[in-house]
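Chemist: Using only what follows, build the 3D model:
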Amino acid sequence: MPAKKVKKDLGQLLIDKGIITPEMLLSAAEILGREPNKHRRKLQQVLVEEFHLDHDTVYREVAEFYAFKSINASIEYIDEPRLTFIRRVFNGLSDSIKDLVVEHKVLPFGVDPETKERLTVITPDPTNAEVYFIARAFSYKKFEITYVPAEQWNELWQRVNIGRSGYLKKDGSGGNLRLAEELEVDETYEQDLEEEIHRSGLVDLVENIFVDAVRVGASDIHVIPKGERQSDFYFRIDGRLTLWYTHTESRAEAVSAVVKDRAVNVDRFERNTAQDGFAQFLIDKKTNRYRVSVIPIIGKELKNKFESIVIRVLQEPTVGKNLEDLGFGQQALMSFRKAIRKPHGIVIVTGPTGSGKSTTLVAALRAVMDPSLNIITVEDPVEYFIDGARQVKLNPKLDFEGALRAILRHDPDIVMVGEIRDSITANIAVKLANTGHLTFTTLHTNDAPSAIARLYKMGVEPFLIAYSLNIILAQRLVRKLCEKCKSPIQDPDAEALIKLGFSPKELPSLKLYRPIGCNSCIKGYKGRTAIYEALYVTRGIRKIILESEKSIDEDLLRRTAEQQGMRTLRLSGLELVRSGHTSAEEIAAVTVDED
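Modeler: Sure thing, here's the model as predicted:
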């Protein structure tokens, strides 16, 4: 009988707070009534699992109802000594208790400053009976169980588990790692380094960094030595570098050695030259590939042999399997579809490094994929595996130019050239297009009209450019505002908005948002989307190219394309601002070339 009373009191509290309705409470009671006593869930579990209520909204009230103290464990308040304490206590547990800690989301958080024997334990569900069993396993005589929001617990655990011995083995995420070859360099130095690596658990640290980068959606990992015994790990998330972890327990050279050991075609013992390699791991039952770049850098002391390492995470695009997923505007999508459906010609995607060009090309290939077509790709390196395409692998005996020349004799229908690098590859791409092949490629220019000028400067004849080009698609990636914390702007700067491209007439009805920042995002932004500028080659555009003499008139090309319906990158970005998907400041920064 007392248990029923507690449920009723808790349910009434949730109704009073507006979290549930009386009908919802009645339905939950019926569900609980049908469950056997031995496996009967609690009211809060049913509300979250069956009615899909927000976990923290419900459990915050449950914790208060049962008089559990709440702790703020936001990562911004967690310093390195706190993380060190949590790891030390955690590592003192047996393997079976460690597994329960992860399963039931329990962590030691700190010691009561007044009572050194009392441990503060945090969990998103302090009413879980297993929490008491786990808390008794910690090496403290007393403990206090406290509530922490689930998002904060997950974020804290993500930081804590870096460097945990055996973590990858239990998770099943580890890969087969290459053994470094013994070289007769400084034997004493290398031996000391090897001993330090085995003592410090650096292997687990580095492999967990690889895993975390995949799970948080980072595009790059930067490993930067900041001192003899300090290495900073940065993740590039949504285009911005973010400090992820600072390691101060090992020499920077030891950290670099472990990272290099995880890569193929990288010599661990070579520290005086730039190296490029790649790595591959099975993470969360999916194969993930990485491109590794190593360059030597100088330290404060000559004895330090520092190296900067940047690792590109080559994940399969989470969006972009269909053209509709990419964020095209109506004009750009219609023009792009028309261009890639032609039997021959060149489709160029242009933009700076990291602007999503490869994702767009992969989506385009998938859109035209057909078993009756011979599709060949030449990239260096190959970033994504494309089912249905024959992807050429370059090697010391087959360079980029040689591969392109061989493709001409390989009866292709569609060719994807990773990048037009010079006049030779430019002319071969044009030759492919003019001999009845559809060619996809990329170029590094700021906008669509300047891509035509770049081809001209590479020595491609104007008439070849005019009759081979189908479309030039310029693109950028812009950060999206976090839907959980974005906030309306009450008094926007009218002068700045007009300068950006908004008309004075639309300002009164314009609803703008600004980034705030919360546990779900990075400084108010979460995820990215693309903006496009599609210059479709019409008769008018072709005529301008053909009439060019000493140079291509980019301004005339731009004006003509706009008259024919092309929307610039800036105009595409303004649409995202109007719809509340991004901020005016983000579009101003990304399209600064148009000012």
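Chemist: next one: phi and psi at Gly110?
Modeler: The phi/psi pair for Gly110 (degrees, to the nearest 10) reads phi 170, psi 180.
Chemist: For stretch 106-123, buried residues please.
Modeler: Of all the residues in stretch 106-123, those buried under the rule 16 or more other C-beta atoms under 10 Å are 106-110, 118-123. Every C-beta, even on glycine, is put in place using the N, C-alpha and C of the backbone.
Chemist: residues in contact with the residue lying closest to Thr21 once chain neighbours are set aside?
Modeler: Computed as C-beta to C-beta, 6 or more residues apart in numbering, the closest residue to Thr21 that is not its neighbour in sequence is Ile15, at 6.9 Å. With contact taken as C-beta atoms under 8 Å, 6 or more residues apart in numbering, Ile15 is in contact with 21-22, 25.
Chemist: In TSV, list those residues along with distance to His410, secondary structure and pLDDT.
Modeler: Shown next, in TSV, are these (distance: C-beta to C-beta, whole Å; DSSP: H, G, I helix; E, B strand; the rest coil; pLDDT from 0 to 100):
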residue	distance to His410	secondary structure	pLDDT
Thr21	67	coil	89
Pro22	71	helix	87
Leu25	69	helix	87
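Chemist: Which of those residues sits closest to Leu241?
Modeler: Distance to Leu241 across the contacts of Ile15 (C-beta to C-beta) is lowest for Thr21, with 46.1 Å.
Chemist: mind checking how far that closest one is from Ser27?
Modeler: Going from Thr21 to Ser27 by C-beta to C-beta, to the nearest Å gives 9 Å.
Chemist: Same drill for those two, tell me which one is more crowded.
Modeler: A count of neighbours by other C-beta atoms under 10 Å puts Ser27 above the other of Thr21 and Ser27, at 16 against 12.
Chemist: gap between Ser468 and Ala406?
Modeler: According to C-beta to C-beta, Ser468 stands 20 Å off from Ala406.
Chemist: quick one: which of the two has more around it?
Modeler: Ser468 (21 against 13).
Chemist: Now do the contacts for that one.
Modeler: Contacts of Ser468 (C-beta under 8 Å, 6+ apart): 345-346, 430, 433-434.
Chemist: cutoff 6 Å now
Modeler: Taking C-beta atoms under 6 Å, 6 or more residues apart in numbering as the criterion, Ser468 is in contact with 346, 430, 433-434.
Chemist: filter the residues you listed to the buried ones?
Modeler: Here, 16+ other C-beta under 10 Å leaves 346, 430, 433 buried among the contacts of Ser468.
Chemist: how close does Ala588 sit to Arg578?
Modeler: Ala588 is 15 Å from Arg578, by C-beta to C-beta.
Chemist: Which one of the two is surrounded by more residues?
Modeler: Ala588 (19 against 15).
Chemist: quick one, phi/psi of the more buried one?
Modeler: phi -60, psi -40.
Chemist: nearest spatial neighbour of it, skipping sequence neighbours?
Modeler: In space, Ala588 comes closest to Leu500 once its chain neighbours are excluded; the distance is 5.7 Å by C-beta to C-beta, 6+ apart.
Chemist: From Leu326, how far out is the one you found?
Modeler: According to C-beta to C-beta, Leu500 and Leu326 sit 24 Å apart.
Chemist: residues touching Val378, list them.
Modeler: Counting by C-beta under 6 Å, 6+ apart, Val378 touches 392, 403, 417.
Chemist: Just the buried ones from these?
Modeler: Buried by 16+ other C-beta under 10 Å: 392, 403, 417, out of the contacts of Val378.
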